[in-house]
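**Q** what's the 3D shape of this:
(chains A and B)
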2 protein chains.
Amino acid sequence: MLYLVGLGLSDETDITVKGLEVVKKAERVYLEAYTSILLVDQATLESYYGRPIVVADREMVESNSDEILRDADKVDVAFCVVGDPFGATTHTDLVLRARELGIQVRTLPNASIMSGIGAAGLQLYNFGQTVSMVFFLDNWRPASFYDRIKENRSIGLHTLVLLDIKVKEQSLENMARGRKIYEPPRYMTVGTCAQQMLEIEEEKQEGVYGPESLAIGCARVGGKTEKFVSGTLKELCDADDLLGPPLHSLILLGRRTHELEHDFVREFAVNKENWDRIWKAEYCGKQ
Amino acid sequence: MLYLVGLGLSDETDITVKGLEVVKKAERVYLEAYTSILLVDQATLESYYGRPIVVADREMVESNSDEILRDADKVDVAFCVVGDPFGATTHTDLVLRARELGIQVRTLPNASIMSGIGAAGLQLYNFGQTVSMVFFLDNWRPASFYDRIKENRSIGLHTLVLLDIKVKEQSLENMARGRKIYEPPRYMTVGTCAQQMLEIEEEKQEGVYGPESLAIGCARVGGKTEKFVSGTLKELCDADDLLGPPLHSLILLGRRTHELEHDFVREFAVNKENWDRIWKAEYCGKQ
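**A** Prediction:
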């Protein structure tokens, strides 16, 4: 049996009791570690599980999945995923391959950032499609997120923006020379995200959002040091110090809001007067 | 401290290790049991936690929250919620009241139906807003879901439809006479949901969806007996036997799909030829 085990969002004790039983007994344990991370390291997980873990990078999952699936028709293999196995990153291709090989699959769900974000205080019902924000380069500034946000905002919905992480990336030079030397990991902050969003708005000028649009910066959701900071996109450009270490994500508000949400989120505001003024003018009571 | 503890979707072992530690140590343990249910009963939970549980019905949470919060500035209180504490039902009002009383709050997230639904094989990124479907009465057929689905479909997005559950409801007669006698619980099935959706389309005639629209019926998501059945809305009107016992939910597909999703979801189709034909004509490669 192939078990897809969600690890939740924060540390080694966020695994479910059922998930922990599976991990402790499985013949082999893999950790998918390229699309998100826990706030603890591999050694902590291994000591908590009492088991060695094979870290599965993108290359292994995408090109060498048969090794992961080896003998899984006869023995139990646990494939652990930060968050939920079908959350922000889906592993449908691994499951499809397992099906081809006649291997049974069972999913043990867990908190995903896509639902955990509800802790910021906005109703999950009113979120539209989720978008991703990647680190811009001088000559590469992918902006497909802009049209998606436009769609969400046109019908009053919030947008969850998931932020790039760069793990085990090679520099162009090292890649060209075939040197398996990896850059230090990088995690996008809310500040960078807000900045990039405003750059694209300035370029496109479609008024999808602006410096005064309300948003919530979210850090370490689900963890003990979870932190939310709300404010305008402009204010959030400079809120990284308040938010602290990774992982970050951002919610851009839609106009479909409720008074209870105002009270809840206001608590996190960089500048409460600003928040109240803009909320009242642009969000409150709109449908 | 007030702990909001997510219990996950299925049984007593879906709680996180961290959540279980909190529940075992808390001074009082409440279970919010009116918006969703686990597939196991209270006695099973109590024996697993080794603790008595107070079942908190809607009246208690909405009108008597100070009893739940009593002394929570000095002792730990665990308020357990099926799924995630900020998932389909949010408990923002309880948190706001705790803040007023100077009580610290911590959330322990878990799988929510709003992310667990990813196990059906459609990317969560492409879901729009979530809607609820309530049991229609002869003279009460709330159809606000229709406009929301229309918005989602206008931009190509999937819609998760959460289905009504009736727990601890009084008949009109018993309510009028002040008799605290409750009807047996009722859980809406995918068949009833699909039927009600088609009734409203027939009434409104806006072509938001129709009998040939593709959808996925989902049962007991996250549990050992999790089951998905895909087909047209018309086919799903008669698929309750295939799906089995509650809880059910339904996904109405948007046109923004990927080939991998086709392969994944086709496996669950009532009628694969039908599925392929409609997918090819209406969904495949559309944006």
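**Q** so how far is chain B from A:Gln170?
**A** As for A:Gln170, its distance to chain B is 27 Å (criterion: C-beta to the nearest C-beta, to the nearest Å). Quick note: C-beta positions are derived from backbone N, CA and C, even for glycine.
**Q** and the spatially most central residue of chain A, which helix or strand is it part of?
**A** Geometric centre of chain A, nearest residue: A:Leu162, 4.8 Å, by C-alpha atoms, centre = their mean. Per DSSP states H and E, A:Leu162 falls inside strand A:159-163.
**Q** check A:Gly217 too.
**A** Element membership for A:Gly217 (DSSP H and E) is strand A:214-219.
**Q** next, the angle from the helix or strand just after that strand to strand A:214-219.
**A** Using DSSP H and E, the helix or strand that follows strand A:214-219 towards the C-terminus is strand A:227-232. Going by axes from the mean of the first three to the mean of the last three C-alpha atoms, to 10 degrees, strand A:227-232 is angled at 160 degrees with respect to strand A:214-219.
**Q** counting by contacts, list what the next helix or strand after strand A:227-232 packs against.
**A** Counting by DSSP H and E, the next helix or strand C-terminal to strand A:227-232 is helix A:233-236. For helix A:233-236, the contact count by 3 or more C-beta pairs under 8 Å, 6 or more residues apart in numbering or on different chains; DSSP states H and E identifies helix A:190-204, strand A:214-219 as packing neighbours.
**Q** please identify the buried residues of the next helix-or-strand element following helix A:233-236?
**A** Downstream of helix A:233-236, the first helix or strand assigned by DSSP H and E is helix A:240-243. Of all the residues in helix A:240-243, those buried under the rule 16 or more other C-beta atoms under 10 Å in any protein chain shown are A:Asp240, A:Leu242, A:Leu243.
**Q** which strands and helices sit next to helix A:240-243?
**A** Here helix A:240-243 touches helix A:190-204, strand A:214-219, strand A:227-232, going by 3+ C-beta pairs under 8 Å, 6+ apart.
**Q** helix or strand right after it?
**A** Scanning forward in sequence from helix A:240-243 by DSSP H and E, the next helix or strand is strand A:248-252.
**Q** quick revisit: residues contacting the residue nearest to the centre of chain A?
**A** A:Leu162 is in contact with A:Ala88, A:Ile113, A:Thr130, A:Val131, A:Ser132, A:Met133, A:Ser249, counting by C-beta atoms under 8 Å, 6 or more residues apart in numbering or on different chains.
**Q** OK, contacts around the fourth one?
**A** Under the criterion of C-beta under 8 Å, 6+ apart, the neighbours of A:Val131 are A:Ser144, A:Phe145, A:Arg148, A:Ile149, A:Thr159, A:Leu160, A:Val161, A:Leu162, B:Tyr125.
**Q** ok, which pair from those is furthest apart?
**A** Greatest spacing in those, by C-beta to C-beta: A:Ser144 and A:Leu160 (15.4 Å).
**Q** who has more neighbours, these two?
**A** Neighbours of A:Ser144 and A:Leu160, each counted by other C-beta atoms under 10 Å in any protein chain shown, are more numerous for A:Leu160; the result is 26 against 9.
**Q** stretch A:247-255: end-to-end distance?
**A** Length of stretch A:247-255, first residue to last, C-alpha to C-alpha, to the nearest Å: 26 Å.
**Q** so is that stretch next to chain B?
**A** No - figure legend: stretch A:247-255 not in contact with chain B (C-beta under 8 Å from any C-beta of the partner chain); closest approach 9.3 Å.
**Q** any idea how far that stretch is from the middle of the chain?
**A** Stretch A:247-255 has its C-alpha centroid displaced from the chain centroid by 11 Å (C-alpha atoms, centre = their mean, to the nearest Å).
**Q** A:Glu67 - how many residues pack around it?
**A** That count, for A:Glu67 with other C-beta under 10 Å as the rule, works out to 13.
**Q** am I right that it sits in a strand?
**A** No - counting by DSSP: H, G, I helix; E, B strand; the rest coil, A:Glu67 falls outside a strand, being helix.
**Q** what sits against it?
**A** By C-beta under 8 Å, 6+ apart, A:Glu67 lies in contact with A:Met60.
**Q** that one and chain B: what is the separation?
**A** Applying C-beta to the nearest C-beta to A:Glu67 and chain B gives a distance of 21 Å.
**Q** with A:Ala78 instead?
**A** For A:Ala78 relative to chain B (C-beta to the nearest C-beta), the value is 15 Å.
**Q** how about that residue, what does it touch?
**A** If you count contacts by C-beta under 8 Å, 6+ apart, A:Ala78 has them with A:Tyr3, A:Val5, A:Val22, A:Val23, A:Ala26, A:Arg28, A:Val29, A:Tyr30.
**Q** please apply the same query to A:Asn152.
**A** Counted by C-beta under 8 Å, 6+ apart, A:Asn152 has contacts A:Gly128, A:Gln129, A:His158, A:Thr159, A:Gly254.
**Q** what's it sitting at in phi/psi?
**A** Per-residue torsions, A:Asn152: phi -60, psi -50 (degrees, to the nearest 10).
**Q** before we move on, what about A:Leu45?
**A** As for A:Leu45, its main-chain torsions (degrees, to the nearest 10) stand at phi -60, psi -50.
**Q** not counting sequence-adjacent ones, nearest residue to A:Met188?
**A** Computed as C-beta to C-beta, 6 or more residues apart in numbering or on different chains, the closest residue to A:Met188 that is not its neighbour in sequence is A:Leu163, at 3.8 Å.
**Q** ranking by neighbours, what's the top pick from the contacts of A:Ala78?
**A** Result: A:Val5 is most packed of the contacts of A:Ala78 (other C-beta under 10 Å), 26 neighbours.
**Q** got the contact list for the strand or helix carrying it?
**A** Secondary structure from DSSP H and E places A:Val5 in strand A:2-6. The set of residues external to strand A:2-6 that reach it, using C-beta under 8 Å, 6+ apart, is A:15-16, A:19, A:22-23, A:26, A:69, A:72, A:76-81, A:83-87, A:91, A:94-95, A:98, A:103-112, B:111.
**Q** buried subset of those residues as a ChimeraX selection?
**A** Selection of buried members from these for ChimeraX, criterion 16+ other C-beta under 10 Å:
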select /A:15,16,19,22,23,26,69,72,76,77,78,79,80,81,83,84,85,86,87,91,94,95,98,103,105,107,108,109,110,111,112 /B:111
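**Q** looking at the contacts of strand A:2-6, which are in strands?
**A** A:Val77, A:Ala78, A:Phe79, A:Cys80, A:Val81, A:Val105, A:Arg106, A:Thr107, A:Leu108 (DSSP state E).
**Q** and those residues as CSV, adding pLDDT?
**A** Below are the ones in strands among the contacts of strand A:2-6 laid out as CSV (pLDDT from 0 to 100):
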residue, pLDDT
A:Val77, 98
A:Ala78, 97
A:Phe79, 96
A:Cys80, 96
A:Val81, 94
A:Val105, 95
A:Arg106, 96
A:Thr107, 95
A:Leu108, 96
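**Q** low-confidence regions, the stretch 51-200 of chain A specifically.
**A** Confidence mapping of the stretch 51-200 of chain A against pLDDT under 70 gives the ranges A:88-90.
**Q** just to revisit the earlier point, can I get the buried residues of helix A:240-243 in CSV including pLDDT and distance to B:Asp57?
**A** Formatted as CSV, the buried residues of helix A:240-243 follow (pLDDT from 0 to 100; distance: C-beta to C-beta, whole Å):
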residue, pLDDT, distance to B:Asp57
A:Asp240, 98, 43
A:Leu242, 98, 39
A:Leu243, 98, 38
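**Q** looking at those residues, which is nearest chain B?
**A** Top of the list for closeness to chain B, among the buried residues of helix A:240-243 and by C-beta to the nearest C-beta, is A:Leu243 at 17.4 Å.
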